[in-house]
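Participant: need coordinates for the below:
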Amino acid sequence: MDIDLNTIWFLLVGTLLAGYAVLDGFDLGVGILHLFVDRDEERRIFINAIGPVWDGNEVWLVTGGGALFAAFPAVYAGVFSGFYPAMILLLVALIFRAVAIEFRSKQPMAWWRRTWDVSFSAASFLGSFLMGVAFGNVIRGVPLDARGEYLGGFLTLLNPYALLTGLTTVALFAMHGSIYLVLKTEGPVQAKVRGWVNDTIILFVVCYATTTMATLLYLPHMSEHFKAHPWTFVLPVATMLAIANVPREIFHRREWRAFLSSCAAVFGLMGLVGLGMYPNLVRGTDPSTSLSVYNAASSDGTLTTMLVIAGIGIPLVLAYSISIYWIFRGKVKLDSMSY
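Facilitator: Take a look at the predicted model:
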């Protein structure tokens, strides 16, 4: 991999999207697990565990989308327009999720809170699933014309491989969310969630192993870089070690280490996708139509200017995220101001 301006932007966009997966992944996971507890107090604890940070986490998605638009406009314009129905569904899910968090506590009636509980959990599941489906299609390849415009329909996106990556993403975020809940809760709620961690890890490992086998069998292009550069096998090994370390840290009640291991695993998985895809951003079913970091990029002048802006803006986003997590560190305590 030659480190030129285009590759730097590939790494930058990938890092922003990986940051989003790490940060918003756990609060989507909390939403997926939300209906697995019955008592109103427990559900309030779940929502308040992510309450101070969920909207800040989505800044990483906005930043990543903006970086993609600036650096690789052909991808943003051509493929996103083809993915339009799926993108609208994703946005509806994210909006409904935000509305559910805010509206649930506005009225005390049981039916009101149950309605928003279901909305919150369903939107979290749908959002996670659609993100996985999108990644699955980008990895597998979609029909593109010579100008990089999408030629398929909505149902084309719902192929078996994409559906499998969608389920794997749901399992990944559920695992990540359960570990975060162990970190943020205490007492009987923590004991209950602690029992979910191994189950969610097993579910994810089964889904991940199935997806990996399907990738190796049907998408050999994803393993080309690993075969050409054997040292890159460090990344999948380190990722699996990070996942394997989670139960150990949970057993020894080192919740922070368990959560950091989970974050490293999510980041590593995003790195595996990026390494397998490079230099393509979106693979075409006809490889000659693929959108890469070279044929889909802005001019060198634009990339240089935007790199300076990113060098100023990204540290600010990072500083904001760190400050929010520092301010709201510790266990969840419910009070009159809680959701």
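Participant: stretch 161-178: which residues count as buried?
Facilitator: By neighbour count with 16 or more other Cβ atoms under 10 Å, stretch 161-178 contains the buried residues 161-162, 164-178. From N, CA and C alone the C-beta is placed, and that goes for glycine too.
Participant: how far is the helix or strand bottoming out on mean pLDDT in the chain from where the chain is centred?
Facilitator: Here the helix or strand of the chain ranked lowest by mean pLDDT, DSSP states H and E is helix 80-82, holding a mean of 75. Averaging C-alpha positions (Cα atoms, centre = their mean, to the nearest Å) puts helix 80-82 20 Å from its chain's average.
Participant: buried ones in that helix?
Facilitator: 80, 82.
Participant: just stretch 46-64 next, same as before
Facilitator: Applying 16+ other Cβ under 10 Å to stretch 46-64 flags 46-51, 53-54, 56-61, 63-64 as buried.
Participant: any idea how far residue 58 is from residue 275?
Facilitator: 26 Å (Cβ to Cβ, to the nearest Å).
Participant: just to revisit the earlier point, I'd like the next helix or strand past the least confident helix or strand of the chain.
Facilitator: helix 84-103 (DSSP states H and E).
Participant: give the rounded mean pLDDT of that next one.
Facilitator: For helix 84-103, mean pLDDT rounds to 89.
Participant: go through it and flag the buried ones.
Facilitator: Neighbour-count burial for helix 84-103 [16+ other Cβ under 10 Å]: 86, 89, 90, 93, 94, 96, 97, 100, 101, 103.
Participant: closest to residue 210 out of these?
Facilitator: residue 86 (22.4 Å; Cβ to Cβ).
Participant: quick one, what contacts the closest one?
Facilitator: Contacts for residue 86 (Cβ atoms under 8 Å, 6 or more residues apart in numbering) come out as 130, 133, 134, 154, 157.
Participant: how close does the residue lying farthest from the centre of the chain get to residue 117?
Facilitator: Within the chain, residue 109 marks the point farthest from the mean C-alpha position, 33.4 Å out by Cα atoms, centre = their mean. Counting by Cβ to Cβ, the separation of residue 109 from residue 117 is 12 Å.
Participant: could you do residue 70 as well?
Facilitator: In terms of Cβ to Cβ, residue 70 sits 39 Å off from residue 117.
Participant: so what pLDDT did the residue farthest from the centre of the chain get?
Facilitator: 90.
Participant: touching, residue 265 and residue 237? I think so.
Facilitator: No: with contact defined as Cβ atoms under 8 Å, residue 265 does not reach residue 237; the gap is 11.9 Å.
Participant: give me the more crowded residue out of the two.
Facilitator: The neighbour count for residue 265 versus residue 237, taken as other Cβ atoms under 10 Å, is higher for residue 265 (27 against 10).
Participant: now for the residue nearest to that one when sequence neighbours are not counted: which residues touch it?
Facilitator: Leaving aside its chain neighbours, residue 265 sits nearest to residue 242 (4.2 Å; criterion: Cβ to Cβ, 6 or more residues apart in numbering). Residue 242 sits next to 261, 262, 264, 265, 268 when contact means Cβ under 8 Å, 6+ apart.
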